[in-house]
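Visitor: pasting the sequence and the predicted model now:
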Amino acid sequence: MRIRVGRHRLAVLAEPASGRRIHELSGVRALRTTQRMLDELVALGLVDMQKVGPANAYTLNRGHILWDPIEKILASRAVVASAVEDTIREVTVGVVVSAAIYGSMARGEAGPDSDVDVIVVWEDGAAEDQRDGVLEALEERVRRLTGNRAQILAVTRAELARLVEHDDPLIASIRRDGTTVTGVEIRSLLGANAKASARTGKATDRRSEAP
């Protein structure tokens, strides 16, 4: 959590930012939690604080001895995310309606033990054997690329409409973090499906399968 608030989010800001602005970017629920973390990072010397009127403004201390390894870690996450997106694109392009990543990788916060969360949307009439082949290939390639398990939510348009209609918690996560890799923009697809009539069917959710 401290990495998210004090290093990754501050790293993308060119100018000093208030605690409230950093909180808005962080995704942390409570402002006081963000503030406590910033205070700890200031105490460690990783973040500088200055008074700007009645408010405090924060910037990363890039001169800190720990900044160089931190910067390399952040850069490596971007490289991994880009490679994962390329892999998803290669496996799914032209076959699916949409494919997107969400969760910790989409937020730039994935760690060594993080799963790679992916949503794949099929046309309603997609052949089952074709779908199985794509999902198996995607799971295997992501595992070999990163060492992490791909948690794939695979749904047809109709199944996605049902998830939206029933306010499935995953939909909120995808709306918030989703990054489209190929096909239709995932947020517009969710918006369109929000008004669609749900039909029968069950989503293929590989998130709980054993590796």
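Guide: All right, it came through fine.

Visitor: quick check on the residue of the chain most remote from its centre: phi, psi?
Guide: Largest separation from the mean C-alpha position in the chain: Gly53, at 35.3 Å (Cα atoms, centre = their mean). Dihedral pair for Gly53: phi 70, psi -130, per degrees, to the nearest 10.

Visitor: mind checking how far it is from Arg20?
Guide: 13 Å (Cβ to Cβ, to the nearest Å). C-betas here are computed from N, CA, C, even on glycine.

Visitor: ditto for Asp129
Guide: Asp129 sits at a distance of 52 Å from Arg20 (criterion: Cβ to Cβ).

Visitor: now swap in Val91 and tell me
Guide: Distance of Val91 to Arg20, computed by Cβ to Cβ: 41 Å.

Visitor: which of the two has more neighbours?
Guide: Legend: neighbour count by other Cβ atoms under 10 Å for Val91 and Arg20, higher for Val91 (23 against 12).

Visitor: and the next element down the chain from the biggest helix by length in the chain?
Guide: Selection of the longest helix in the chain by residue count, based on DSSP state H, yields helix 67-92. Where DSSP states H and E defines the elements, the next helix or strand beyond helix 67-92 is strand 98-102.

Visitor: pairing partners for that next one, with directions?
Guide: Strand pairing for strand 98-102, using DSSP bridges, gives strand 116-122 (antiparallel), strand 179-183 (antiparallel).

Visitor: tell me which of those strands sits most buried.
Guide: Across those, averaging neighbours per residue (mean count of other Cβ atoms under 10 Å) puts strand 116-122 on top, at a mean of 26.

Visitor: beyond it, next helix or strand please.
Guide: Scanning onward from strand 116-122 (DSSP H and E), the first element met is helix 128-146.

Visitor: that next one vs strand 98-102, what angle?
Guide: Here helix 128-146 points in a direction 40 degrees away from that of strand 98-102 (axes from the mean of the first three to the mean of the last three Cα atoms, to 10 degrees).

Visitor: now find how far off-centre helix 128-146 is within its chain.
Guide: Chain-centre distance of helix 128-146: 19 Å, with Cα atoms, centre = their mean, to the nearest Å.

Visitor: what angle separates that helix from helix 67-92?
Guide: With the same axes, to 10 degrees applied, the angle from helix 128-146 to helix 67-92 works out at 160 degrees.
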